[in-house]
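A.B. asks: next one to model:
(4 chains, ligands or ions: 4)
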Amino acid sequence: MSNIPYILEERPDTGLNNSKLGVWIFLASEVMLFGGLFSAYVFLRIAAPEGDFGYWGSKLNVPMATFNTLLLITSSVTMVMSWASLKLEQFDKYKMYLGITILCGLAFLVVKYFEYTSKFDHGIYPSSSTFMGIYFTLTGLHVLHIIGGLLVLIFFWSKQSDKMWNEDKDLLANRIEITGLYWHFVDLVWIFLFPILYLL
Amino acid sequence: MAGNSKESIEHHIKIYINVFISLAVLTVVTVAVSYLEVSFIEAFFIAITVATIKGSLVLCYFMHLISERQAIIWLLVTTLVAFLILLFIPLISLTDQVGGW
Amino acid sequence: MTEILQYFGLPVGISSVSGRIDEIIVIVHYLMLVLFVGWGIFFIVSLIKFRESKNKKANYKGVESHYSSVLEGAVAVIEIVILFGFAFPIWAERVNDVPDSRDAEYIRVIAQQYAWNIHYPGADGIFGDTKVELVDEQDNPIGLDRNSEFGKDDFYTINQMHIPVDTKIRVDLSSKDVIHNFKLPELRVSQDAIPGMTIPVHFTATSTSKEFLETAVGTKREGKSLEIACAQLCGLGHYRMKGYLTIHEQEDYSAWLEEQAGYLEEEGDDWGDDDDWGDDDW
Amino acid sequence: MSNDHHHEENFIQKYVFSVDHKIIGLQYGITSLLFLLFGFMLMMLMRYQIAYPETVIPYFGEWLFAGSGGVMLPENYNTLGAMHGTIMIFLGVVPLAVGAFGNYLVPLQIGAPDMAFPKLNAASYWSYFVGGVVMMASFFTPEGAARSGWTSYPPLSIFESGQTMWLLGMVFLITSSLLGSMNIIVTIVQLRAPGLTWFRLPFFIWAQLVTSFLLILAFPPLESAAILQLMDRLVGTSFFLPSGLVYAGSPVEAYGSGSPLLWQHLFWFLAHPEVYVLILPAIGIVGEIIANNTRKPLWGYKSLVYAIGFLGFMSFIVWAHHMFLTGMGQSMSAFFQLTTMIISIPSVVVLTAFFISLWGGSIRFNTPMLFALSFLPMFGIGGLTGLPLGVAASDIFLHDTYYVIGHFHYVVAPGTIFALFAGIYYWFPKVTGKRMSETLGKLHFWPSLLFMNGVFMPMFIQGLAGLSRRMYDGGQQYAHASDVLHWNEFMTISAFCLGAAQIPFIVNLIISLAGQKSDDRNPWKSTTIEWSAPSPPLPHVNFDSSVEVNHGPYEYSVPGQDEDYCPQTSP
Ligand code: HEA
Ligand code: HEA
Ligand code: CUA
Ligand SMILES: [Cu+2]
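C.D. replies: Ligands and ions are numbered 1, 2, ... in the order given. Now for the predicted structure:
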């Protein structure tokens, strides 16, 4: 398989390498995936009785979500820093930043866990209202994306990365850039989820 | 992305930190605004504007879109158009209905 | 020009819009026919003329003129004319000119698996309230509140719709459970009944059931009167969700209304449970 | 073989969990043909029931419908209908057209060694496989398979049984399509051989590119819709349930405030582009075969490319023409009628270009060409009958009648399926190094053409008479259908004959596989790049020499040359 061209180097006339283009196309489809749900949210909100969404929305925990937003933003910046460290050939810094990213991601999940359980404790379930339904669906899908991303991040934080660092530095940098694009996208989704679910 | 020399990366790192600070500030702003007594429409526009600014920052700087190839930009523009179609046309059908809900 | 469609099975149209709907069906089919025959001839001629055994060497350039763009433009223009000249006006009338209760016979139709409930407002011309809590499939399938202000004289039938001829009818369509489609094929009326929504439909019948049956004499359809079809998959009984439509002369219709009002007085609250659900076993 | 790892692949690695695009293409091809056959069988049971309602089904009835003494019940009929539609579209045609033809031919036609992401490619196949298994398994669950139509309109789909498995299966199938089309786009953009500029790409590649974009942008919303419907079914939300429903005599316990129309929007936002996903690869195949067998370039190559690009874009804004009767107001319906008419223009452009391509050719009537040629009028009929459906005023009467069934079967069955047959006959020598029998091919073609029309032509008459689709008893209840019911038997017999007409095809496949291998790399004397590779192409690298492209895709009968074709790779 190694004879597939442009895995790392850029194709001159398109200026892209395969994985870069691939991940952006993947993100385009993710935009449409969340787009379908956003569209559902807006549609249902307008079709719902006046004030229904606002009333249920006010039951959410804004401080927790704000904290989560900050966590994700932090994880995003450390993600890009870890990539930059690789480019600067500072492998230890790379590991440190990636580690912080992973910790932020895990912390996000923990906070989310407490948010969910506190809702369940108050007898609030997805079936409690249309708002709660879409809230759990959107955030649930987002959490799945975080978990998926974390698995990849942990893989690149493990011993595996040392091996790759020694064998093919460019490949590692490329993989981290790709993973980073995905991770930033997950952050981006949250940036929109946060106001429409918690603040409006 | 363009310019992978050491200096440019170091320059980038400064940008990343600045973007991070702006994102954090904007998050606080948007939460603060939500505690103000404004009408829904106003709140809506503020929240969406702030979110869009934050989103653009992430896209442009963290995801390097600002220096990305045209092909990627066009891909995303197409996607955005499709997304907006998906978002708005069903809404129009809510208002342009015979009879009511 | 619309008669031709009858040879292709289209039922006789007996409403004020059926003429125009048939007309547009025919016009579009003529357009299709012209395109198909035109290209068909070209197709066959080229196949015969340029078969390998006759034409050994192909011509690299092929057709060099660009008349085909003219053809494509013409198709576009005709389509636009069809839309603006015929389709849009019909639709505008369909959705914008909904008559209100003063100008029309006002009837509600509530679809359910697998029957049509037809709700008449009674002498006062205003519908009583209906409530989900009151729904009882046996005694009160539409959940009519007899104690509400206008509900006393309301009556409803199951699968039996009666309307007067040459009068504007307004039907408010809704559904109790899933999506159905209220279709009166001969009147060229069709509208989805969507749960959670009330959608108005309006039409004017131009001949009575009796007259219609006369046109059917001698065909396979002889003796079979008008029906309400359900044209949207709504479950296992979709295929047998059929109602009956009777179009009366104005006097007969009034008489029918009075008859129903009479039943209401006789039977009081239990009214309505002996209606027939169609002639097939349930 | 790549030179850095020399290990021998064992059978499993080579043929089951392969990452070679050719093997994956074949896996896709075989699986999807089997599903097509299966979908066809489901349909034959339905057709029997339509023609002879509520009679015991011979041979199979006692076995399949044991509970009712061999008679099909309404729930069986609805299940068969929904699963026929789903299987044909999502498990049959799309995997065959995009998964098999796309996978096998895209790298070959652009002179690449493999797809850009071979592992992803395998993942795509296996996700499809799992989706297929879930769909098949649903027949054997206590709930049975889905029975709310392939459109799965709620609230019915939420109350009816069997839907959960269908939704799960769809999630896998959508994921598979996303992975596959991502791969195809990157491959086309990145791995074109040196010299293969955009306007030297074969038309088939353009068709695959546009198709993949449609899949990328249109499929995910259905995935989200499927998630929402799963939530409604499993967790008790009410995204698609409005308040105040009474189902089977008792009020529905749900929060309410949802909307059945939301599903329709999300579904058709996918499903309209989806129909172009069905037709575009077919158009691409037909284009290739016509150019090859007329021995002249495709007429208006560039306008063809622009036309399908425009078609792809427009397909995102026509979806509500499936929803005219949901109570749509004037501006919505006007908008969607207009876009629907506009989208018919590029189709006319494509067909016109194909017709004009015939003029001046030296037409060879071999089996692939026969199928490709018959595609034109058959797609023509299907496309033209889309017009009265796209005009809302006539759709009032025609909506959800057999006219619609006739319309789209003409485009998918004698349209797409014929084009796919043509493709199989055409590329079989490349895939196996052997040729298929022409006699058996013609024995397959003529009866198929005849009986296809026998099944579908009467549908227009039935539809004009107002006969509704999805009728368990074939419409016997209704008076307005009584004039046209006698057609049912004729159509059913045609369908069975159509089935019999496939036997030569299957026989042909089998005996040709057993046949003699030939060394001729390019039996059709074609110009495109795949024909310069050995047959079958080498594992993992495809070509035995480096590929460089110097010519456009259809340089046939170039004036002044001795040979009547000039391969893209010739100097
Ligand atoms: C491959 C699939 C495919 C294709 C290509 C099309 C193409 C088109 N379709 Fe079709 N359609 C379906 C598959 C397809 N459709 C399916 C599956 C459904 C039903 C779904 C369901 O409800 O279950 C459906 C339903 C459907 C409806 C909804 C009907 C209803 O439910 O009431 C409408 C309405 O506008 C419509 C319109 C069109 C139009 C205008 C085109 C146009 O793109 C067509 C343009 C083509 C032409 C105009 C032909 C041009 C040809 C010539 C000019 C030459 C002809 C002459 C010779 C060859 C000799 N289609
Ligand atoms: C791609 C899509 C596709 C295809 C190809 C077909 C093909 C056929 N369909 Fe289908 N059909 C649908 C999609 C399709 N259909 C959909 C979406 C619906 C609506 C469902 C709903 O209501 O929800 C429908 C509904 C539908 C109905 C209406 C049911 C109803 O409303 O109650 C009918 C009725 O006659 C029918 C008949 C047929 C027939 C006779 C064929 C024939 O053309 C079949 C021809 C098939 C072949 C010729 C197969 C060839 C393959 C092989 C021979 C394989 C060889 C195998 C190996 C070598 C291993 N179909
Ligand atoms: Cu009610 Cu079909
Ligand atoms: Cu469509």
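A.B. asks: CA only for contacts and neighbour counts going forward, please
C.D. replies: Fine.
A.B. asks: just checking, C:Ala111 is part of a strand?
C.D. replies: Yes - judged by DSSP: H, G, I helix; E, B strand; the rest coil, C:Ala111 forms part of a strand.
A.B. asks: just give the closest residue to it, not the sequence neighbours.
C.D. replies: Using C-alpha to C-alpha, 6 or more residues apart in numbering or on different chains and skipping the chain neighbours, the partner closest in space to C:Ala111 is C:Ser175 (4.5 Å).
A.B. asks: any idea how far D:Phe65 is from the one you found?
C.D. replies: Distance of C:Ser175 to D:Phe65, computed by C-alpha to C-alpha, to the nearest Å: 33 Å.
A.B. asks: any weak-confidence spans in chain A?
C.D. replies: A:1-2 (pLDDT under 70).
A.B. asks: show me where it has helices.
C.D. replies: A:18-47, A:52-57, A:62-87, A:91-121, A:130-157, A:159-167, A:169-193 (DSSP state H).
A.B. asks: determine which of these approaches C:Thr208 most closely.
C.D. replies: helix A:18-47 (41.0 Å; C-alpha to C-alpha).
A.B. asks: hmm, back to that, closest one to chain B among the helices of chain A?
C.D. replies: Closest to chain B of these is helix A:18-47 (C-alpha to the nearest C-alpha; 4.7 Å).
A.B. asks: tell me if the closest one is near chain B.
C.D. replies: Yes - judged by C-alpha under 8 Å from any C-alpha of the partner chain, helix A:18-47 comes into contact with chain B at A:21, A:24-25, A:28, A:31-32, A:35-36, A:38-39, A:42-43, A:47.
A.B. asks: so that helix versus helix A:130-157, what angle?
C.D. replies: Angle of helix A:18-47 versus helix A:130-157, following axes from the mean of the first three to the mean of the last three C-alpha atoms, to 10 degrees, is 170 degrees.
A.B. asks: against which helices or strands is helix A:18-47 packed?
C.D. replies: helix A:130-157, helix A:169-193, helix B:70-95, helix D:163-190, helix D:203-234, helix D:260-294 (3 or more C-alpha pairs under 8 Å, 6 or more residues apart in numbering or on different chains; DSSP states H and E).
A.B. asks: between those, which one is nearest to chain C?
C.D. replies: Taking the helices and strands packed on helix A:18-47 one by one with C-alpha to the nearest C-alpha, helix D:260-294 is closest: 7.1 Å.
A.B. asks: what's the angle from that closest one to helix B:70-95?
C.D. replies: Using the same axes, to 10 degrees: helix D:260-294 against helix B:70-95 is 130 degrees.
A.B. asks: now check helix D:260-294, is it near ligand 2?
C.D. replies: No - using C-alpha under 6 Å from any ligand atom, helix D:260-294 never reaches ligand 2; the gap is at least 7.2 Å.
A.B. asks: list the buried residues of the next helix-or-strand element following that helix.
C.D. replies: Heading C-terminal from helix D:260-294, the first helix or strand you meet, by DSSP states H and E, is helix D:301-314. Of the residues in helix D:301-314, D:301, D:304-305, D:307-314 count as buried by neighbour count, 16 or more other C-alpha atoms under 10 Å in any protein chain shown.
A.B. asks: tell me which residues are up against helix D:301-314.
C.D. replies: D:199, D:203, D:206-207, D:210-211, D:214, D:273, D:276, D:280, D:339, D:343, D:346-347, D:349-350, D:353 (C-alpha atoms under 8 Å, 6 or more residues apart in numbering or on different chains).
A.B. asks: kindly report the same for stretch A:64-81.
C.D. replies: Stretch A:64-81 is contacted from outside by A:94, A:97-98, A:100-102, A:104-105, A:107-108, A:111, A:115, A:177, A:180, A:183-184, A:187, A:190-191, A:194, A:198, B:13, B:16-17, B:20, B:23-24, B:27-28, B:31, B:62, using C-alpha under 8 Å, 6+ apart.
A.B. asks: which of these are buried, as a PyMOL select command?
C.D. replies: Command for PyMOL that selects the buried part of those, burial taken from 16+ other C-alpha under 10 Å:
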select buried, (chain A and resi 94+97+98+100+101+102+104+105+108+115+177+180+183+184+187+190+191+194+198) or (chain B and resi 13+16+20+23+24+27+31+62)
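A.B. asks: pull the number of nearby residues for residue 78.
C.D. replies: Went with chain A since none was named. A:Thr78 has 25 neighbours, counted by other C-alpha atoms under 10 Å in any protein chain shown.
A.B. asks: wait, chain C was what I had in mind.
C.D. replies: Residues near C:Ile78, counting by other C-alpha under 10 Å, number 13.
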